[in-house]
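Participant: Any chance you can model this:
(one chain, ligands or ions: 1)
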Amino acid sequence: MDSDLAQATYGDMPHLASLDYDLFEEPWEQSDFKKAWHDHQNIVIRDKKKKVIAYCFYSKNDEGGVEIIRIAVNQEYQLKGLGTKILQFILTNEKFLTFEATLRETNLAGQLFFKKLGFKCIKQLKDFFNDTHEDAYYFFLKKEAEKPILI
Ligand SMILES: CC(C)(COP(=O)(O)OP(=O)(O)OC[C@H]1O[C@@H](n2cnc3c(N)ncnc32)[C@H](O)[C@@H]1OP(=O)(O)O)[C@@H](O)C(=O)NCCC(=O)NCCS
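Facilitator: Numbers count the residues shown, from 1 in each chain. Model prediction:
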């Protein structure tokens, strides 16, 4: 793994919940992070003091693709390429060819971020979120399969 990239420890979960509270209108609780830590994969980036400043939880779905469940970067560190670094690592290193993310219609920065990484919005899901009744935009990316080398 790239030297900046690591995996979260269970002990990071309270800190992640606190970061999440600053970043999302509907933040995850510590219990959500603890469950995600058990159920999904994660990648984090830490600062010099070893505090997590960027995190991503993702899972391999039933259709053989990868779902980006949550990706976030501490506000002070945004727009410096950390989100890109994490997502590019997942896109490059996961053997799966399809990747998806479901974004709130109001999350323009998130949508622009996924577009920049090559995702396309292919579906609008009406009234998707129970909390705010917002629509969701479903972003999808299909990677080119590597061609076999013919000898
Ligand atoms: C979305 C998020 C993870 C992006 O992380 P980041 O490290 O700041 O993103 P990067 O620096 O890698 O940006 C890559 C590209 O995304 C786009 N982008 C990211 N944030 C943007 C913003 N606020 N406004 C417009 N475009 C943005 C830009 O095209 C950017 O490329 P550029 O800098 O060359 O213009 C971060 O804004 C964040 O944590 N948002 C709150 C949580 C969230 O909404 N997560 C997504 C849903 S789970």
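Participant: Please identify the helix or strand for residue 57.
Facilitator: strand 52-60 (DSSP states H and E).
Participant: Show me what from this protein comes close to the ligand.
Facilitator: Taking CB under 6 Å from any ligand atom as the contact definition, the chain meets the ligand at 23, 70-73, 78-84, 103, 107, 109-110, 112-113, 116. Heads up, the C-betas are built off the backbone N, CA and C, glycines and all.
Participant: can you do 8 Å?
Facilitator: The interface of the chain toward the ligand, taken as CB under 8 Å from any ligand atom, is made up of 23-24, 54, 68-75, 77-85, 87, 101, 103-104, 107-110, 112-117.
Participant: Where does this structure get nearest to the ligand, which residue?
Facilitator: Proximity to the ligand, evaluated over the chain using CB to the nearest ligand atom, is greatest for residue 83 at 2.6 Å.
Participant: And the strand holding residue 57, what's buried?
Facilitator: Judged by neighbour count (16 or more other CB atoms under 10 Å), strand 52-60 contains these buried residues: 52-58.
Participant: and the two most separated of those?
Facilitator: For the buried residues of strand 52-60, with distances taken as CB to CB, the pair at the greatest spread is 53 and 58 (18.0 Å).
Participant: mind listing what residue 40 touches?
Facilitator: For residue 40, the contacting residues are 57-59, 69, by CB atoms under 8 Å, 6 or more residues apart in numbering.
Participant: Just list what the strand holding residue 57 packs against, helices and strands only.
Facilitator: Helices and strands touching strand 52-60, as assessed by 3 or more CB pairs under 8 Å, 6 or more residues apart in numbering; DSSP states H and E, comprise helix 13-23, helix 30-39, strand 41-46, strand 66-73, helix 82-93.
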